[in-house]
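> sequence first, predicted model second:
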Amino acid sequence: MATTINGSTGASQIQDNTVSNAKVADDAIGVAELSATGTASATTFLRGDNAWATPSGGGVTHLGTLTTTSGTSQALAAQNFSLYNQIWIVTNNVGTSGTGANLQFGLNGDTVSDFTAFNPIANGMWATFKIDLRTNVWYAFWNTQPNATTGTNTAAGTAIPAAQGFYNIQTNYRLITSGDVTLAQSGYTFDTGSAIVYGVK
């Protein structure tokens, strides 16, 4: 049997969990009118059992892309690091205008850490950098190619692959909750490539 509700917006009928209602205005029902348990926020979702909950973990978020074709540094501003366990930076053909330059990274204004501590990136660099915000350790996996335009090795034996990982002593990542993600050059300017920044939960 249908239950009729009379109010200022007119009559509505509710029967068998189905609302037949042409009187409720669009966008008129807000979160406050729901009977869900838990707390609604930007980091929770409404589950099928009518409860607000935080996702169980995992997931990758694209934070932005840095265009490394000019300037001595590029920054992705105003990131909320407290939402992530790791920050990943993936470079695509990042290069510099001169030899002897090291690619540096920084969080929240820190640019003292060199990804390429023993190799200049005058040519193109393809790399993956992982910054672990919970253990204060960063890892770099990278390779440079003599031909930054085509990404091919034009001279046998001149490509230098490398992998390194360090416990960071200059900056305690575990204390950083927000700020910029920065890529910089040590003495030269960017002239090619891009870098994609991800947040990993």
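In hand now; what should we look at? Numbers count the residues shown, from 1 in each chain.
> residue 110 contacts residue 172, doesn't it?
No. Look at residue 110 against residue 172 with Cβ atoms under 8 Å: they stay out of range, at 10.0 Å. Every residue, glycine included, has its C-beta placed from N, CA and C.
> domains of this protein?
Using automatic domain parsing, the domains assigned to the chain come out as 3-53, 60-200.
> more crowded one of residue 110 and residue 172?
Neighbours per residue, other Cβ atoms under 10 Å: of residue 110 and residue 172, the larger number sits with residue 110, 17 against 9.
> ok, the more buried one - contacts?
By Cβ atoms under 8 Å, 6 or more residues apart in numbering, the contact list for residue 110 reads 170-171, 182.
> do the same with residue 47
Residue 47 touches residue 53, counting by Cβ under 8 Å, 6+ apart.
> low pLDDT regions in the chain?
Applying pLDDT under 70 to the chain picks out residues 1-24, 57, 100, 111-112, 116-123, 145-164.
> if we use 80, what do you get?
Per-residue confidence for the chain (pLDDT under 80) gives these ranges: 1-34, 42-43, 48, 54-58, 97-101, 110-124, 142-165, 167-171, 187.
> related to what we said a few turns ago, now render the contacts of residue 110 as CSV, adding neighbour count and distance to residue 93.
Listed next are those as CSV, based on neighbours: other Cβ atoms under 10 Å; distance: Cβ to Cβ, whole Å:
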residue, neighbour count, distance to residue 93
170, 10, 28
171, 19, 27
182, 19, 19
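> between these, which is closest to residue 71?
Nearest to residue 71 out of the contacts of residue 110 is residue 182 (Cβ to Cβ; 11.1 Å).
> counting by contacts, list what the strand or helix carrying that closest one packs against.
Using DSSP states H and E, residue 182 maps to strand 178-185. When contacts are defined as 3 or more Cβ pairs under 8 Å, 6 or more residues apart in numbering; DSSP states H and E, strand 178-185 sits against strand 73-80, strand 86-96, strand 103-107.
> and the second one with strand 178-185, angle?
Angular relation of strand 86-96 and strand 178-185 on a 0 to 180 degree scale: 30 degrees, by axes from the mean of the first three to the mean of the last three Cα atoms, to 10 degrees.
> in strand 86-96, which residues are buried?
With burial defined by 16 or more other Cβ atoms under 10 Å, the residues of strand 86-96 counted as buried are 86-89, 91-96.
> got a markdown table for the residues you listed, with distance to residue 54 too?
Below are the buried residues of strand 86-96 laid out as a markdown table (distance: Cβ to Cβ, whole Å):
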| residue | distance to residue 54 |
| --- | --- |
| 86 | 18 |
| 87 | 20 |
| 88 | 22 |
| 89 | 26 |
| 91 | 32 |
| 92 | 33 |
| 93 | 38 |
| 94 | 35 |
| 95 | 41 |
| 96 | 42 |
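> just give me the closest of the residues you listed to residue 136.
residue 86 (11.6 Å).
> partners of the nearest residue to residue 70 once chain neighbours are set aside in the sheet?
Leaving aside its sequence neighbours, residue 70 sits nearest to residue 190 (Cβ to Cβ, 6 or more residues apart in numbering; 5.9 Å). On the basis of DSSP bridges, residue 190 is bridged to residue 96.
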